[in-house]
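> A structural model of the following input is requested.
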Amino acid sequence: MRDRLLKEGKLFDGYNKEMEELHISNAHRLNEIIDQYGFPSLEKVGKEASKAAWLVVQHAISLPSFMKKYRDMIMSTKDLGQHSREQLAYLSDRIAVYEERPQLYGTQFDWDNAGKLSPQVYDDLVKVNKRRKSIGWNSLEEQTQIIRLQAQRDNNHCPTDLESHRHQIKLWKYKVGWLIKP
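Next up, the predicted model:
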């Protein structure tokens, strides 16, 4: 679906409704599996299935409680291996960004005021790079260049009305429950 939406030019203009429906459906099914069989850890289901489950969670952005539940399951794992530490970093950052808190690993990007993809708010560059290095990742500066090149290859560009883009994201965060209206 991602490839089709990318070819149709429908992937980067807000959260595509068809994509959102697929993400929600996948999350509901995974939640049923978790309730029946437990957390799909690397040890239980292997690397491929564990990664697939994590991708379902990482893309279930319309379901904050589900994403947090899964993050808490990863955090409760006794010995986090490399695979789980990377998943936890991505998932924790995504949750932080949607809750409008600083991310810790710099995994989440959006358009800045200069029209470039840049890491969303993070706590401190030195600390971020130290955390990234602790799980074997490159620096945030290097990752930023990689993300920008990928966006060029995908023909992903800054929205023409950046303020409207940001406003729509904020409204969506309230709608799905990432933020609570004051």
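> low-confidence ranges in the protein?
Applying pLDDT under 70 to the chain flags residues 11-13, 78-79, 82.
> what's the longest helix in it?
In the chain, taking DSSP state H as the definition, the longest helix is helix 17-37.
> Output the contacting helices and strands for it.
helix 2-7, helix 42-58, helix 64-75 (3 or more C-beta pairs under 8 Å, 6 or more residues apart in numbering; DSSP states H and E). Where you see a C-beta, it was placed from the backbone N, CA and C, and this is true even at glycine.
> for the nearest residue to residue 50 once chain neighbours are set aside, what are its contacts?
Distance criterion C-beta to C-beta, 6 or more residues apart in numbering; nearest residue to residue 50, sequence neighbours excluded, is residue 42 at 4.6 Å. By C-beta atoms under 8 Å, 6 or more residues apart in numbering, the residues touching residue 42 are 50, 81, 83-84.
> Residue 107: how many residues sit nearby?
Using other C-beta atoms under 10 Å, the number of residues around residue 107 comes to 25.
> Surely residue 80 and residue 87 touch.
No: applying C-beta atoms under 8 Å, one finds residue 80 not in contact with residue 87, separated by 9.0 Å.
> Give the residues shared as contacts by these two.
Joint contacts of residue 80 and residue 87 (C-beta under 8 Å, 6+ apart) are residue 74.
> So which of those two has more stuff around it?
Shown here are residue 80 and residue 87; by other C-beta under 10 Å, residue 87 has more neighbours (23 against 16).
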